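> Pasting a predicted model and its sequence here:
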Amino acid sequence: MNAQELARYAGQLEDLACKLGLDYYPVDFNITPASFMVEVAAYGLPVRMPHWSFGVRYIHQFIRHSMGHSKIYEVMFPGDPCHAYMMDSNSLAENTLVTAHVIGHADFSKNNQLFSRFHRMAGGHIVEKAAQHAHRIDAAMQQYGLEPVEATLDAALALEAHVNIDQELHRQRYPERAALCPHNHGSDPFSKRFHHLPGEPEPAPRPSQAPRAAIPPHPEYDLLWFISQYAPELEQWERDIFLAVREESMYFYPVFACQIMNEGWASYWHARLLREADFLPDNLYVSALKAHSDVVRPYASDEHTALAVNPYHLGFCMWEDIIEKHGIKHARQVLRDEDDFGFIRNYLDRDMANKLDLLVYNAGRDGEIKVASRGIDEMREAILAPKFNYGSPRIAVSELKSDGTLVLQHDSKSDGRGLDIGRANKVLEYVQRVWRRPVRLHTLDEYGHERELAA
Amino acid sequence: MSINAPGAPPVNSRPISRIAMETPWYELFSRGARDWLRHNQKVREAVKDSLPNLLAGADIMSRPGNRTVMVPVRTLEHARFRLCDPPSKSGAGQGKGQPGDILQPARGPAGERGEGGNGEGELAFMLELKIDDIIDWIWEELKLPDLKPKHSASLEDPSYVREGIDRRGARSRLDRRRTVKEAIKRRAIQAEPKPFVDEDLRFRQLVKRNQPALNAVVVFALDVSGSMGEMERKLAKTFFFFALQGIRRQYAKVETVFLAHSVEAWEFPEEQFFQASGSGGTVSSGVFNLAHQVLQERYDPGRYNAYFFYASDGENASDDNELAQQSLGRLAALVNYAGYTEIGGSMSHRQTPLNVMFTDLRRHGLPTATALLSRQEDVWDAIRSFFTDQATRAAEV
């Protein structure tokens, strides 16, 4: 593939993009071999901390790639500058499409509020930061040995999704003392008169000092943060690992939460940029178009149903619809303010669902799969269900006992059912190795009975 | 090498991106491969822990030439918190079906195990392990003591060893390289050197040295009368295999003798040993005598540490019991150790004649031990008790 030609087209595409109102941080494009792309697909970032679980993901990815099952086109990391990687074995037409697609992603990640919030908190250099984390962890392995560091990573990565994305990245410990409630003062004139009315009890003497706050003062859903701050005997390098995993996790959250919007937006723009790019030769355009239709196709060529929704297809069609009905200005507002929850609930209407042939299916334990519904409410919830709470159960720290016992509570009411007990026990073992005191977890089992797991 | 986007004047100060083509270092180092190797190390450790059970079922002994075993394993799972499986899972899809349409029929009742589809799915793959490594691990795991040979370093097995160079020797042992070196050294000094002289010649020397040799002979005896069925033989085979491996760890050379008996006793080559079958009654004295005879004739007790293992269901012809006891006693005096495994699931283990015989000898201080095997899992306990016992006794001596 001719890099010179690609560079030329890329420059022209960027000019066109700016003319059409796209706004983004500069992009650092890299053309890399397939082996690199397979790795990034498994790790999620170009350089990331070492762990055997990535090895498993890597081998799955490697096999899929070798068997030709999943074609990788590009990987893109937001930031200032953004970093994008594409395959040297893809054609010029495909990579031209990819370039346009990446420009769409770059615009999305600069302007969407979830992305821009993380950018503000962490700076725009996640790729470099993740590499730093990886190097520090390698150094810790040299210094303290493979097993202790691996044990810490086992725990931290198992809790990857258990962060509170509404909090700041750099977050202070809880205040030592509970805030004094102003209404307890009783020193203002009204309260004094009120308390001297017949029948009212004497006002309690104002405490000289506020009582010590309980730890945690409220259920704490950011398990990684809590462990890093309050574990009884944590080494500094172990704390660093928890905070590093937390930071990378908070970086991934907007990618996870806005996947449909993001891929749809990038697909819309790669199609539009290519269509309006009169500087591209016809045969290139046709080839690129074929690649485009492969990407946004809902199901494989001889199939009539898919047991998943293609986010590229769904997002692409929805954005086309929104821009047609409400104009680009409104679309940009949607881009800025929503995540997939808002996007789907507000903009996936019955007409669109019918046009896309969306359905809800049910899979029973005996392996039978049948169509359950085509209703719009069920549809939206079926698409969004895997995205609740970063795809994980809601588990909070409810109490830190005076002997150092960590008490966790699973919010089975809002999740609707209990935890997979076997796996939960294993995670508790990982955590206990780092926490170094007893760890308890309250949840329900598959029969709805209350269980207390311990490690 | 990075190629900058060509110099078109920036329109609306659009961001200048760059495109880099060469990233050679990516191909050199694969983090994925490194982490996959670490995962495999962990799998090996997990396999180590469940090795005894894995191997108890495997059919290893019959392939003497094969030094490795393929063990099926699954990839390890890094556990995460996960909600339990609901009775039915729903998901979103795309297609033409109407509510009620069946997209995939239920799996057939007779265990038609298809992909199951549980998320990522674990890979099943085969890990190749060397038998020697396995045996070492197991020995460490079970903390089995090493065997103490009865005849130790005093055993001598003189043999010729190459040692030294000299100017005289047999033509066949001429060391050409050194000879040429000597010739070169000489030629460098002399004025008009001859190509080769007698003094240049160098010969390798042989010397007769005493080698301390630790040898063992293991005699396996199997009762192949009608009462020993397929399952019983398999248990015996597994037990014999591990006993043999355990002994192999300790001795330079281990020889094996296979005896089978029903009413009469015969010696068999290894391949046919387990297939042998007799019929009719059981006369154990025959095999004890044969073992004794073989050992006396072929394996000098001064040079060989002898071990005897006998597997049977315990029954013996009643008129043979006394003879058997006597010949067993003679045999036991000759060997380092005589182990008896009784195979079968019957309750009346303790009362069998053979059991009584062996226990009796043990009471008299002879090195024997008994173990009962009814399932594969018992094999390891039996091995452990034998080897631990042997070590204790040797320590006492």
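Yep, it's here.

> Surely B:Glu232 forms part of a strand?
No. The assignment for B:Glu232, made by DSSP: H, G, I helix; E, B strand; the rest coil, is helix rather than a strand.

> doesn't B:Thr341 make contact with it?
No. Using C-beta atoms under 8 Å as the test, B:Glu232 is too far from B:Thr341 to be in contact (10.2 Å). Any C-beta I mention is one placed from the backbone N, CA and C, and that applies to glycine too.

> where does chain B have low pLDDT?
Segments of chain B classed as low confidence (criterion: pLDDT under 70) are B:1-29, B:49-67, B:69, B:108-123, B:138, B:140-158, B:209-214, B:278, B:345-350, B:390-397.

> what's across from B:Gly95 in the sheet?
Taking DSSP bridges as the rule, B:Gly95 bridges to A:Thr305.

> I'd like to know how many residues surround it.
B:Gly95 is flanked by 18 other residues according to other C-beta atoms under 10 Å in any protein chain shown.

> do the one 10 residues further on as well
For B:Pro105, the count of nearby residues is 11 (other C-beta under 10 Å).

> what does B:Thr179 give?
Neighbours of B:Thr179 using other C-beta under 10 Å come to 17.

> Can you name the residues that contact it?
B:Phe196, B:Asp200, B:Leu201, B:Arg202 (C-beta atoms under 8 Å, 6 or more residues apart in numbering or on different chains).

> check which helix or strand covers it.
In the assignment (DSSP states H and E), B:Thr179 maps to helix B:176-189.

> name the helices or strands packed onto the next helix or strand after that helix?
Later in the chain than helix B:176-189, the nearest helix or strand by DSSP H and E is strand B:203-209. Under the contact criterion of 3 or more C-beta pairs under 8 Å, 6 or more residues apart in numbering or on different chains; DSSP states H and E, strand B:203-209 touches strand B:159-166.

> by how many degrees do the strand it packs on and helix B:176-189 diverge?
10 degrees (axes from the mean of the first three to the mean of the last three C-alpha atoms, to 10 degrees).

> can you list the domains in chain B?
B:28-76+B:124-141, B:159-209, B:215-396 (automatic domain parsing).

> phi, psi of whichever residue of the stretch 151-300 of chain B sits closest to chain A?
Going by C-beta to the nearest C-beta, chain A is nearest to B:Arg249 of the stretch 151-300 of chain B, at 28.2 Å. Per-residue torsions, B:Arg249: phi -60, psi -30 (degrees, to the nearest 10).

> so it touches B:Trp139, yeah?
Yes. Contact status for B:Arg249 versus B:Trp139: in contact at 6.7 Å, counting by C-beta under 8 Å.

> Comparing those two, which residue is more hemmed in?
For B:Arg249 and B:Trp139, the more surrounded residue by other C-beta under 10 Å is B:Trp139, and the numbers stand at 17 against 14.

> Give me the buried positions along the helix or strand containing A:Val434.
If you go by DSSP H and E, A:Val434 is part of helix A:421-435. Within helix A:421-435, the residues that count as buried by 16 or more other C-beta atoms under 10 Å in any protein chain shown are A:Ile421, A:Arg423, A:Ala424, A:Lys426, A:Val427, A:Leu428, A:Glu429, A:Tyr430, A:Val431, A:Gln432, A:Val434, A:Trp435.

> again, but for stretch A:65-84
Buried-residue list, stretch A:65-84, by 16+ other C-beta under 10 Å: A:65, A:72-79, A:81-84.

> Nearest to B:Ala291 among those?
Distance to B:Ala291, by C-beta to C-beta, is smallest for A:His65 among these, at 61.3 Å.
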